[in-house]
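Enquirer: return atomic coordinates for the entry below.
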Amino acid sequence: MRTWNDLEPGRVFFYFAEICKIPHGSHHLKEISNYLADFAASHHLAYIQDGAGNLIISKEASEGYGSEKGIILQGHIDMVAVHKPELQINMETDPVRPVIDGDVIRAEGTSLGGDDGIAVAYALAILEDDTILHPYLEVILTTDEEVGMDGARVIDLSSLKGSRMLNLDTEEEGHFLIGCAGGARVDHIFQADRVFTEGIAVLCKITGLTGGHSGTEIQKGRANSNVLTGRLLRVLQASIKPAVFALDGGLADNAIPRETQISFLVAEQEQEKTEQTIRKFEKMIQSEYQKRDPEIQIETIYQGVMQQECVDQKTLQKLTDALIAMPDGVQVMSAEIPGLVQTSLNNGVLKIDEKRCFFVTSIRSSVKSQKEALIEKAVTITRLAGGITKIRGDYPGWEYRQNSPFRELCLKIYREMYKKEPIVEAIHAGVECGILIEKRSELDCVSIGPDMESIHTTEEKLSIASVQRVWEYILRVLSAKEE
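Expert: Model (predicted):
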């Protein structure tokens, strides 16, 4: 059985394991940011740590590389911290527990954080090693990328000396990202009155869905448990008028939700009708998604008679109207790049709290005007349904750069090392290059990374062999001199 000491490159995996020990879900990054600052200080490296927790760490050029253009390595320090519902864990305080499983690393019951912990591990391993040849080197590590690229928005890049940037936030080895979609989050909020109600309590879970990343996997047409919950609510409202007192679906707005649970009260005489309605709906959606989500099911638990403060029927109707009317999934495919999603919407989070019902949509598009139009459509739907909206995390796309000497250098090195053609592409997911280029227009960017599967989910996997190959590739790029 392989152990951590068996893995190569050893220092990359050492730092990846260290990062896993520090909780670093979005919005909870003080500890990991300070760890990185302490690393820089202990290695006598110049660094800037700003109020948002972003870091810029710099290292002087190796001997013989002082005249070469500087290179920037860039990644983000936060992860989408999700866990299996049955696992008792607080991901704000508890570490990720990585496991070596053959040629991959996964986590016990949680997301792994390979996105983008591996970028941080690469950077630290390079920064500490004085035998690695490189020009003037700067490492940009940003915060809260997964929740709207908030760190990249506020970071001050005025001190940067380099103009060539290697972003390390791509999940397919051999794929060179040269453009991406822009996006925004929209909160859809319905203020709710509570009504004291008595009846049979029903806990209903839509579960067994595959889920996935709302950027890289939205085109697969998988079921969205929040969207299905809206449909189920409409069906139930037509027959039994459920009194809803709890609703919880999805873990992140940029992940396709795999499970939504709803708790409601029904009149005692309506229990049998409720079960029949749910089973009929379950059969219908199983038929719809038999190829894409074959494990989909609805679990129902009847918990006896109780009294609860429930959302008033008028607000529940408004919420359901908005859920039913809201677009879902791919809206437009690119006419220029075959197979590329151009515009999409994902309903990632659906909840009820003490005063409101709300859901959060993630909107993406590589065309600015289409992004703005879809945001306006989503806002209008919620307004007409009687709710209010809040737009946040609006970020620009990364437009293709026609003249890119750094891209050509990276592609040339890849061809020499791998003896095959790389895949050069734009993607529907977002990376921070677009925001950083807005701050420093001269940045010449390429995005790469090792193979990862099912990021943002509890099935996330990081390829060990791919990490090593990409490491060797990065070192070749760093050591290459301009002709």
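
Enquirer: where does the chain have its least confident helix or strand?
Expert: Ranking every helix and strand in the chain by mean pLDDT, DSSP states H and E puts strand 212-213 at the bottom, with a mean of 86.

Enquirer: can you give the contact residues for stretch 425-434?
Expert: Outside of stretch 425-434, the residues within contact range by C-beta atoms under 8 Å, 6 or more residues apart in numbering are 74, 76, 142, 145, 149, 152, 165, 167, 169-170, 175-183, 213, 215-216, 218-219, 337, 340-342, 344, 364, 366, 395-400, 443, 445, 447. C-beta here means a position set from N, CA and C on the backbone, and glycine is covered the same way.

Enquirer: burial of Asp129, as a residue count?
Expert: Asp129 is flanked by 12 other residues according to other C-beta atoms under 10 Å.

Enquirer: just Leu475 next, same as before
Expert: 17.

Enquirer: now do the one 5 residues further on
Expert: Neighbouring residues of Ala480 were enumerated by other C-beta under 10 Å; the total is 18.

Enquirer: again with Pro242
Expert: With other C-beta under 10 Å as criterion, Pro242 counts 27.

Enquirer: do Ile56 as well
Expert: 22.

Enquirer: surely Gly250 is in contact with Leu228?
Expert: No - assessed by C-beta atoms under 8 Å, Gly250 is found out of contact with Leu228, at 11.6 Å.

Enquirer: give me the common contacts of the two.
Expert: Thr260.

Enquirer: distance of Ile301 from Leu141?
Expert: As for Ile301, its distance to Leu141 is 45 Å (criterion: C-beta to C-beta, to the nearest Å).

Enquirer: which of those two has more neighbours?
Expert: Legend: neighbour count by other C-beta under 10 Å for Ile301 and Leu141, higher for Leu141 (28 against 11).

Enquirer: which residues touch the closest residue to Glu295 other than its chain neighbours?
Expert: Among residues not flanking Glu295 along the chain, Gly208 sits closest, at 3.8 Å (C-beta to C-beta, 6 or more residues apart in numbering). By C-beta under 8 Å, 6+ apart, the contact set of Gly208 is 258-259, 293, 295-297.

Enquirer: go again using 10 Å as the cut-off
Expert: 223, 225, 258-259, 286, 289, 293-299 (C-beta atoms under 10 Å, 6 or more residues apart in numbering).

Enquirer: ok, Asp94 next?
Expert: By C-beta under 10 Å, 6+ apart, the contact list for Asp94 reads 23, 81, 83, 87-88, 110.

Enquirer: where does pLDDT dip in the stretch 351-483 of the chain?
Expert: 483 (pLDDT under 70).

Enquirer: can we see that at 50?
Expert: Counting by pLDDT under 50, the stretch 351-483 of the chain shows no low-confidence range.

Enquirer: helices along that one, start to end?
Expert: With helices called from DSSP state H, counting those that start in this stretch, the stretch 351-483 of the chain shows them at 368-385, 405-418, 433-439, 464-479.

Enquirer: most tightly surrounded among those helices?
Expert: Mean neighbour count (mean count of other C-beta atoms under 10 Å) peaks for helix 433-439 among the helices of the stretch 351-483 of the chain, with a mean of 20.

Enquirer: just how off-centre is it within its chain?
Expert: Counting by C-alpha atoms, centre = their mean, to the nearest Å, helix 433-439 is centred 19 Å from the centre of its parent chain.

Enquirer: got it, and stretch 256-265?
Expert: 20 Å.

Enquirer: go on, stretch 321-338?
Expert: 19 Å.

Enquirer: in that stretch, which residues are buried?
Expert: Applying a neighbour-count criterion of 16 or more other C-beta atoms under 10 Å, one finds 321-323, 326-331, 334 buried in stretch 321-338.

Enquirer: hmm, Met79 is touching Gly25, no?
Expert: Yes - checked against C-beta atoms under 10 Å, the pair Met79 and Gly25 is within contact range at 6.0 Å.

Enquirer: now the common contact residues for those two.
Expert: Common neighbours of Met79 and Gly25 (C-beta under 10 Å, 6+ apart) are 32, 91, 96, 110-111, 113, 146.

Enquirer: reformat those as TSV; add secondary structure, distance to Val424 and pLDDT.
Expert: Converted to TSV, those look like this (DSSP: H, G, I helix; E, B strand; the rest coil; distance: C-beta to C-beta, whole Å; pLDDT from 0 to 100):
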residue	secondary structure	distance to Val424	pLDDT
Ile32	helix	32	98
Met91	coil	36	95
Val96	coil	33	97
Thr110	strand	33	96
Ser111	coil	29	95
Gly113	coil	27	97
Glu146	helix	25	90
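
Enquirer: out of those residues, who has the most neighbours?
Expert: Ranking the shared contacts of Met79 and Gly25 using other C-beta under 10 Å puts Gly113 first, with 29 neighbours.

Enquirer: so what's that one up against?
Expert: For Gly113, counting by C-beta under 10 Å, 6+ apart, the contacting residues are 16, 19-20, 22-25, 77-81, 91, 96, 98, 107, 120, 455-456, 460, 462.

Enquirer: if we can go back for a sec, other SSEs contacting the least confident helix or strand of the chain?
Expert: strand 255-256 (3 or more C-beta pairs under 10 Å, 6 or more residues apart in numbering; DSSP states H and E).

Enquirer: comparing Met79 and Gly25, which shows the higher neighbour count?
Expert: Met79 (29 against 22).

Enquirer: report the separation between the closest residue to that one other than its chain neighbours and Pro98.
Expert: Distances taken as C-beta to C-beta, 6+ apart put Gly113 closest to Met79, at 3.5 Å, once the chain neighbours are dropped. Between Gly113 and Pro98 the computed distance is 9 Å (C-beta to C-beta).

Enquirer: overlap of the contact sets of these two?
Expert: 16, 19-20, 107, 462.

Enquirer: output these in a markdown table; the columns should cover secondary structure, distance to Glu268 and neighbour count.
Expert: A markdown table is the format used below for the shared contacts of Gly113 and Pro98 (DSSP: H, G, I helix; E, B strand; the rest coil; distance: C-beta to C-beta, whole Å; neighbours: other C-beta atoms under 10 Å):
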| residue | secondary structure | distance to Glu268 | neighbour count |
| --- | --- | --- | --- |
| Phe16 | helix | 55 | 25 |
| Ile19 | helix | 53 | 23 |
| Cys20 | helix | 50 | 22 |
| Ala107 | strand | 44 | 21 |
| Leu462 | strand | 52 | 27 |
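
Enquirer: quick one: contacts for Leu141?
Expert: 32-33, 36, 47, 49, 53-57, 73-78, 116, 119-120, 123-124, 151, 155.

Enquirer: same question, Lys368
Expert: Here Lys368 is in contact with 182, 396-397, 399 (criterion: C-beta under 10 Å, 6+ apart).

Enquirer: Leu251 too?
Expert: Per C-beta under 10 Å, 6+ apart, neighbours of Leu251: 80-83, 85, 111, 211, 257-259, 348-349, 456-458.
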